[in-house]
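> Here's my sequence, what's the structure:
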Amino acid sequence: MITPSERTFSVNGQTMAARCWHDSTKPPLLALHGWLDNAATFDLLAPLLDDFHIVALDFAGHGWSEHRASGMRYHILDHVDDVLSVVNQLGWQKFTVMGHSMGAGVASLFASALPERVQKLVMIEGLGPYTGKPEDAAKHLRTALLEWQDFADKPRLIATMDIAVQARMNGLLPVSENASRLLCARGVKTVDGGLMWTADKRLRLSSPSRFSEAQVCAFLSAITVPTLLIMAENSLPFNPHDYAARVAAHPQLTLVKLAGGHHLHVDDNVDGVFEAINNFL
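Okay, the predicted model is just below:
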């Protein structure tokens, strides 16, 4: 097994962590994980992609990256800002981006705004960010305001790692025990009295505003680089009309459907995901 290295970046006064594989002289590839996951989501896939120097970032508030400052929310566009800062510090003028779920959404926004910086784009179980209907905007804002007002960041201790692993296995997006242990190794930390999740509890709060489907399709239509979308057969439920519109909006999209669930790249079809990405790249 290839042992990854660790490095950190200073982004607007905040320390962000990353997990790296393969020689830095190889073509660069930035890997972006999903919501409430961390860079370890690529622990099985990255060693196979040995033609690339891979840097897998922990988004702010995830994994070993610091949390946002007190009083700040987590907005997807702030993640895009963070990505730009990190690749500039790496000195990467052009690179491949690979994202899973929320990371795919961040990657699509980056590639739409700065296509000259992206060589190719790989999206696993994600095609643009989460949206809301314009007519529901006031309702979403009300929910977010009331949640924020009542939010209390009280420590939640976990007695043992096995309990944490079981909890992640049975989470909103269930994974196998092996995948859970990989994610928990970077998603749980030791504190006085036990263990605690590294993910910021504010990540679970509702967003006060969301893109519309029309906006997401406009972002996707602005992506000018070759793009691979890997969709799982047991994918998350999504409005088929909206999904078809997103696929149609992207001018250079290759769609591959593989056996597995939402975390197929770290769980039930690592080899299939590798083969699809390797052939594309």
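> Pretty sure His62 sits in a helix.
No. Judged by DSSP: H, G, I helix; E, B strand; the rest coil, His62 forms no part of a helix; its state is coil.
> distance of it from Asp81?
For His62, the distance to Asp81 (Cβ to Cβ, to the nearest Å) stands at 16 Å. Just so you know, the C-beta spots here come from the backbone N, C-alpha and C atoms, and that holds for glycine as well.
> Could you do Thr15 as well?
For Thr15, the distance to Asp81 - Cβ to Cβ - is 15 Å.
> Quick one: the strands in the stretch 51-200 of the chain, in order.
Remark: strands assigned in the stretch 51-200 of the chain by DSSP state E, counting those that start in this stretch are 53-57, 95-100, 118-124, 188-191, 194-197.
> Can you say which of those strands is nearest to Lys257?
strand 118-124 (11.9 Å; Cβ to Cβ).
> Show me what that closest one is packed against.
Other helices and strands packing on strand 118-124, by 3 or more Cβ pairs under 8 Å, 6 or more residues apart in numbering; DSSP states H and E, are strand 95-100, helix 102-113, strand 227-232, helix 270-280.
> Could you check the angle the second one makes with strand 95-100?
Spelled out, that is helix 102-113. 140 degrees (axes from the mean of the first three to the mean of the last three Cα atoms, to 10 degrees).
> can you check the third one too?
Using the same axes, to 10 degrees, the interaxial angle of strand 227-232 with respect to strand 95-100 works out to 20 degrees.
> after strand 227-232 comes which helix or strand?
Helices and strands here follow DSSP states H and E; after strand 227-232, the next one along the chain is helix 240-249.
> Make CSV out of the helices and strands packed on strand 118-124 and add distance to Thr160 and mean neighbour count.
Output for those, formatted as CSV (distance: least, Cβ to Cβ, whole Å; neighbours: other Cβ atoms under 10 Å):
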stretch, distance to Thr160, mean neighbour count
strand 95-100, 28, 25
helix 102-113, 28, 25
strand 227-232, 31, 23
helix 270-280, 27, 17
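> buried ones in stretch 198-211?
By 16 or more other Cβ atoms under 10 Å, the buried positions in stretch 198-211 come out as 198-200, 202-203, 205, 207-208, 210-211.
> again but with stretch 13-33, I slipped
14, 16-22, 27-33.
> one step back: more crowded one of His62 and Asp81?
His62 (27 against 14; other Cβ atoms under 10 Å).
> residues in contact with the residue nearest to the more buried one when sequence neighbours are not counted?
With Cβ to Cβ, 6 or more residues apart in numbering as the criterion, His62 has its nearest non-adjacent residue at 5.0 Å, and that residue is Asn38. Contact analysis of Asn38 by Cβ atoms under 8 Å, 6 or more residues apart in numbering lists 58, 62-64, 183, 186-187, 198-199.
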